[in-house]
Each structure stands twice: as structure tokens, then as C-alpha cells.
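K.L.:
Make a model of this:
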Amino acid sequence: MVGLAAHLGLLSGCTGIQTTSPGVVGVDRTQYMWNGYSQNDVNRSFALTYRDGVKRAEAAGLLITDTTLGRHVQSVTVRLVMQTHVFRPDAEQWPWFVNVIQSDEVNAFCGPGGKIVVYSGLIDKLKLTDDELAIVLAHEVAHALREHGREQASSRAVFELAGGVGANVLGAGTLGKSVITKALNTGVGLPFSRTDEEEADLIGLELAARAGFDPRAALTLWKKMSAVNKGPSRPSFLSTHPSDADRMTMLAAAMSKVMPLYVAAKH
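P.N.:
The predicted structure is shown next:
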């Protein structure tokens, strides 16, 4: 996977970068971003999609951000955002938005640039504790910090452009941007790879611990998710995530790295 990305980078105007510092969890994979579309371009494109989605929810009477539940979700998010500087010094200054939508869907996401949506079904159906909610939110915030959306959109654009019109137009302004915008606007966000999900698990674990949330809640959270996963319909939140057993093993192995951060944050 990485080898293919590196090959595409050489052929198609992609650059290998590190979007985040590794933290104590040690996430240091080189990422490949298409030069034709900057972080600001991606953030602006997704912000428009996010705004439209929130407006539709509000028009339907489903936006519950300005309620006790909504304000609580915001307060948990603020604590996490205050720790993002550990991975990205610029992230605390992003225009973060958090909205809560009334829905039975067990889902949440944080799009490029810090645009967050939480569906009430995630909290209600799983009966999440604050620590478990923080683990979910931190996981989603980690996707934004790592710019996984931009990375996935870059890969899609490279393949679509190369396959549709030939490598000679790679990086050609308007055409490239239209392809990547189309990718970003498919649903509420892009499906991430298993590697992306593992990175978000680890970075999210550290973010939660630094914010004073018990990282051990990750294990109880994913036990609950596992139970939901065995139901008749698989939540979209879990569509590309690692298997429950693999996730538990990885999180348990990282716990000794992040528990000291949690203890320090609580004192």
C-alpha cells in the first residue's frame, strides 16, 4: 500500500509529508498528498458540504446542538481540541465546529478542518460514558489531524485522472480540483483505510488521555461496538475499521504508553 503510494507520488506530483508529530504512540507513517490540492482547498470544499448538511438537519428539526446533550458533546470536544497542539501546533486555531443531530444512527465523524457531527444514536444506543464518548471523538479528531480525507482524496484523484485522461494532465488545476471535490462530497466523508483507522485509534487514545479521559474506556467502548457489530445491520462507523480482536490487541498494547499521560492530567 505504502509502496504503491510512493510510486504514485513519483509519477503524479504527490509529495511525501508528515502531517503530525508521532506522539508517544509513535504514528510516523509518511503520507502522500497530491500537490494540485492543498490542505486549504480540501478544508474549504468540505466546509461547504458540512454547512449544507447542518442546514438540512436544522430545517428538518433534527439539529440538537443547542440542548443539554449538544452542549455536553461540545464541552468534551473542547478538552480534546486543547490537546491537539501535541500533534499539530496549528490545529488549536482551526475553525472547529461541533454539531449534534437527532438520529438513531450509531455514528460520528470529523471532516477536514475540524468539522464534527455526532449522531445521538451513538450516545443513546451505546449508553456511552464521558470517557467512551471522548474516545470516539478523539478518534475522529485524529482523522482530521492526519488529513486522512485529503490523503484518500489525493489517491482517488490520481487514479481517476490517470485512468480517465492520462498522466499528462495530472496536476492540471480545474480538472483535478473537480475530481477531488467530487471525492470529498461523496456522503459525509471518505471511507478510510485500515491503516488510517489504526492511526486514528492510537492518536485518539493519546489525545483522550492527555485531556484527562481514561484511555481504558477504549476497551469498554469497542466491546460495546462489537456487540452492535453483531447485530442485523453494521454501523457505517465500523465499515472499514480493523476487526474487533485486532483493535483490542492494539489498544491494549498501547495502554502503557498513554496511562502516565492520563494520570498526569488528573493531578
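K.L.:
Stretch 37-54: which residues count as buried?
P.N.:
Neighbour-count burial for stretch 37-54, counted by 16 or more other Cβ atoms under 10 Å, picks out Tyr37, Asp41, Val42, Asn43, Ser45, Phe46, Ala47, Thr49, Tyr50, Gly53, Val54. (C-beta placed from N, C-alpha, C; glycine too.)
K.L.:
Would you mark the buried spots in the helix or strand where Ala209 lies?
P.N.:
Element membership of Ala209 [criterion: DSSP states H and E] is helix 194-210. By 16+ other Cβ under 10 Å, the buried positions in helix 194-210 come out as 196-210.
K.L.:
Same question for stretch 63-71.
P.N.:
The neighbour-count check on stretch 63-71 (16+ other Cβ under 10 Å) flags Leu63, Ile64, Thr65, Gly70 as buried.
K.L.:
now swap in stretch 97-113 and tell me
P.N.:
Buried-residue list, stretch 97-113, by 16+ other Cβ under 10 Å: 97-103, 106-113.
K.L.:
Quick one: mean pLDDT over it.
P.N.:
If you average the pLDDT over stretch 97-113, you get 93.
K.L.:
How about stretch 49-67?
P.N.:
On average, the pLDDT along stretch 49-67 is 93.
K.L.:
Out of the buried residues of stretch 37-54, name the ones that lie in helices.
P.N.:
Judged by DSSP state H, helices contain the following of those: Asp41, Val42, Asn43, Ser45, Phe46, Ala47, Thr49, Tyr50, Gly53, Val54.
K.L.:
Next up, the contacts around Val117.
P.N.:
Listed by Cβ atoms under 8 Å, 6 or more residues apart in numbering, the contact partners of Val117 are Tyr50, Gly53, Val54, Asn99, Val100, Ile101, Ala108, Phe109, Val188.
K.L.:
cutoff 10 Å now
P.N.:
50, 53-54, 57, 63, 65, 97-101, 103, 107-111, 140, 188-189 (Cβ atoms under 10 Å, 6 or more residues apart in numbering).
K.L.:
ok, now Ala208?
P.N.:
Residues near Ala208 by Cβ under 10 Å, 6+ apart: 76, 79-80, 83, 131-139, 141-142, 214-215, 217-218, 258, 261-262, 265.
K.L.:
mind running it again at 8 Å?
P.N.:
Leu80, Asp131, Ala134, Ile135, Ala138, Asp214, Pro215, Ala217, Ala218, Tyr262.
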